[in-house]
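Chemist: Got a predicted structure plus its sequence, pasted below:
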Amino acid sequence: MVRADTDISWVHELAGVIAGSAQFHDWIEPALRLVRDELELTRAVLYRLDEADLTLRPVSMPDEHADPPIELVGTGPIGTVAKTGQAGALPDVAQVSVPVQLAGRVLGVLTAEMPSVDQPGLDRIESALGLVADMLAPAVQSARLVLRVKSECLDGRVTAGGEPDTGSTFKHRNLVGSSRAMQSVYATLDRVATTAATILLVGETGTGKELIAKAIHANSSRKGRPFVAVNCSALPGQLLESELFGHVHGAFTGAVRDKVGRFEAAHDGTLLLDEISTMELPMQVKLLRVLQEREIERVGDVRTIPVNVRIIAATNEDLDDAVRAGTFREDLYYRLNVVVVRLPPLRERREDIPRLINHFLDKYNTINSRELCRLSQEMVDLLVRYPWPGNVRELENTIERAVVLSGGEDFTADLLPPSIITFADRTGSVLGGETTDGVIDEAIARCVAEAAGTPGRIWDRAMTLVERSLIREALDRSGQVKIKAADFLGINRNTLNKKCRELGLNPSTDRAEENAE
């Protein structure tokens, strides 16, 4: 141990190892092995700080020991060093940790473990590790910048000119909607998805809370790690505790083997606690402890298991009301209420309904080998006006039902569920059994059949019928005022006057038009 402060020739060798390669993983393990051997340590571990979720991830070495666990900033001795930027020693376990920092910014923690050592020895090791940390810091920072640029290039967030794209990077293939309400949701998620913050999703049943949670996970640094969802309303007290935390053999009747809980299954990933407001009060106490300590106990066990899980909670109820009613713990509410994302009901984003219809038609046509694709404007208008109490989930079920029952391309009224038919009857909506395309096809077929004896004039006859009907409808909608009818049709007034003369339409609108002018 004397070499720690009397012989520093190995430091020059360490500098050569670090400078020997620009690739982080080419030099870090030889460098840590050199530090371990020269300071006669059991192990030397570099924890790199992941600022996205405030975790400290170990850079492991090929030795006889298992890889050390991931640490959280601010928890435990290593996390405390990262948070404070001050070295820390644990004489009882012969461990010393020093911050790796550059310009006052902590990049990681360098930790040394040794068989046994007295206080003077700890001080010497701490001094030597501080020197090593100062040498590692520039190289660690350089490696971090390289990784960031590579990541941004892979994600498409760097343009051809090398400048970052400042537009929203939050995206997920199953999210459909460009309404102002959804754009507000996307903007919030864009800011918080890459952080470690707990998120509370609030929205009515069927607004897509689990889909949003999956999108958050896919846009976070935990993507590629487990995403686990638990419906808290599906299980009562003890069963939910076992589901979340696991249990050991014999913990209760029926526990015939050890079981891994959802928290362990979601380690390093994301855990969605859906319908969190239904959780019983005793279970809320246990959940609060896990969120505070970041460790769990399996049912029937006394050992604690550290877990690194990002929590997303979801509810269709107002937790403020639940707290006031005494059915939800206030301290747990504030632990979950870090970032609240309110998902709008479908009736508040009606402009997204046509896009959602097309999305679900494509999805279920493909699944069921169907070709349902033609909707009349009256049908679209009805679906947009319907209040959708079940939100997007109800709309999806409606489209799936229609696709499964369909026998062709036309989306007809008989494919709608009774609830929407009742709404249409109550509101006086006009729903023919055919789409506009179908009606036009039938009219043209009749026109061709009637003009079969006068070949060469079918085009003129059909166009005359269509133009006459269209202009009559426009004039009726415009109070027989030709200026308004022309604007309604999107044509010039002179063109409308010419068509009226050709078609023999003579609306008595001269006085009305003079007044309008």
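Modeler: Structure received. Residues are numbered from 1 along each chain as shown.

Chemist: Just the endpoints, please. Distance across stretch 10-26?
Modeler: By CA to CA, to the nearest Å, the extent of stretch 10-26 from end to end equals 19 Å.

Chemist: Now do the helices in the stretch 51-200 of the chain.
Modeler: For the stretch 51-200 of the chain, helices defined by DSSP state H, counting those that start in this stretch occupy the ranges 76-84, 119-155, 180-192.

Chemist: CA atoms only for the shortest one, dumped as CSV, please.
Modeler: What that stands for is helix 76-84. Output in CSV follows, covering the C-alpha atoms of helix 76-84 (Å, rounded to 0.1, in the frame of the first residue of the first chain):
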residue,chain,number,x,y,z
GLY,A,76,-26.2,5.1,-1.2
PRO,A,77,-22.6,6.0,-0.8
ILE,A,78,-21.7,6.0,-4.5
GLY,A,79,-24.8,7.9,-5.5
THR,A,80,-24.0,10.5,-2.7
VAL,A,81,-20.5,11.1,-4.1
ALA,A,82,-22.1,11.7,-7.6
LYS,A,83,-24.6,14.2,-6.1
THR,A,84,-22.2,16.1,-3.8
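
Chemist: circling back to that earlier point, please name whichever of the helices of the stretch 51-200 of the chain is nearest to residue 300.
Modeler: Smallest distance to residue 300 across the helices of the stretch 51-200 of the chain (CB to CB): 25.7 Å, for helix 76-84. C-beta: built from backbone N, CA, C; applies to glycine.

Chemist: hmm, who's touching the closest one?
Modeler: 47, 49, 56, 71-74, 87-88, 90, 95, 97-99, 106, 108-109, 111 (CB atoms under 8 Å, 6 or more residues apart in numbering).

Chemist: and with 10 Å instead?
Modeler: 45, 47, 49, 54-56, 58, 68-69, 71-75, 86-90, 93, 95-101, 106-111, 294, 306 (CB atoms under 10 Å, 6 or more residues apart in numbering).

Chemist: Over to stretch 26-35?
Modeler: Everything outside stretch 26-35 that qualifies as a contact, by CB under 10 Å, 6+ apart, is 10-11, 13-21, 41, 43-46, 48, 59-63, 110, 112, 128-129, 132, 135-136, 139-140, 143.

Chemist: And it, what's buried?
Modeler: 27-32, 34-35 (16 or more other CB atoms under 10 Å).

Chemist: One more: stretch 480-496?
Modeler: The neighbour-count check on stretch 480-496 (16+ other CB under 10 Å) flags 481-482, 484-486, 489, 496 as buried.

Chemist: Nearest to residue 175 among the residues you listed?
Modeler: residue 489 (37.6 Å).

Chemist: which non-adjacent residue is nearest the closest one?
Modeler: With sequence-adjacent residues excluded and distances taken as CB to CB, 6 or more residues apart in numbering, residue 489 is closest to residue 474, at 5.0 Å.

Chemist: Restrict the contacts of stretch 26-35 to the buried ones and give me that as a PyMOL selection.
Modeler: Per 16+ other CB under 10 Å, the buried members of these correspond to this PyMOL selection:
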select buried, resi 11+14+17+18+41+43+44+45+46+48+59+60+61+110+112+128+129+132+135+136+139+140+143
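
Chemist: How about the contacts made by residue 343?
Modeler: Residue 343 makes contacts with 181-182, 185, 201-204, 206-209, 211-212, 314, 316, 349, 391-392, as judged by CB under 10 Å, 6+ apart.

Chemist: try it again with 7 Å
Modeler: Residue 343 sits next to 185, 201, 203, 207-209, 212 when contact means CB atoms under 7 Å, 6 or more residues apart in numbering.

Chemist: One more: residue 240?
Modeler: 232, 283.

Chemist: State the pLDDT value of it.
Modeler: As predicted, residue 240 sits at a pLDDT of 88.

Chemist: mind checking the SS state of it?
Modeler: On the three-state scheme (DSSP: H, G, I helix; E, B strand; the rest coil), residue 240 is labelled helix.

Chemist: Of the contacts of residue 343, which pair is most distant in space?
Modeler: Pairwise distances among the contacts of residue 343 were taken by CB to CB; the largest, 11.2 Å, belongs to 185 and 209.

Chemist: and which of the buried residues of stretch 480-496 is nearest residue 286?
Modeler: Among the buried residues of stretch 480-496, residue 489 lies closest to residue 286 (CB to CB), at 68.1 Å.

Chemist: distance between the ends of stretch 57-72?
Modeler: 9 Å.

Chemist: Check stretch 223-236 too.
Modeler: 31 Å.

Chemist: Just checking the distance from it to the centre of its chain.
Modeler: Relative to its chain's centre, stretch 223-236 lies at 15 Å (CA atoms, centre = their mean, to the nearest Å).

Chemist: quick one, strands of the stretch 351-500 of the chain?
Modeler: For the stretch 351-500 of the chain, no strands are identified by DSSP state E, counting those that start in this stretch.

Chemist: Same check on the stretch 1-150 of the chain?
Modeler: Counting by DSSP E, counting those that start in this stretch, the strands of the stretch 1-150 of the chain are 43-50, 55-59, 71-72, 88-90, 95-102, 105-113.

Chemist: With mean pLDDT as extra columns, can I get those strands in JSON lines?
Modeler: Output for the strands of the stretch 1-150 of the chain, formatted as JSON lines (pLDDT from 0 to 100):
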{"stretch": "strand 43-50", "mean pLDDT": "86"}
{"stretch": "strand 55-59", "mean pLDDT": "79"}
{"stretch": "strand 71-72", "mean pLDDT": "75"}
{"stretch": "strand 88-90", "mean pLDDT": "85"}
{"stretch": "strand 95-102", "mean pLDDT": "89"}
{"stretch": "strand 105-113", "mean pLDDT": "88"}
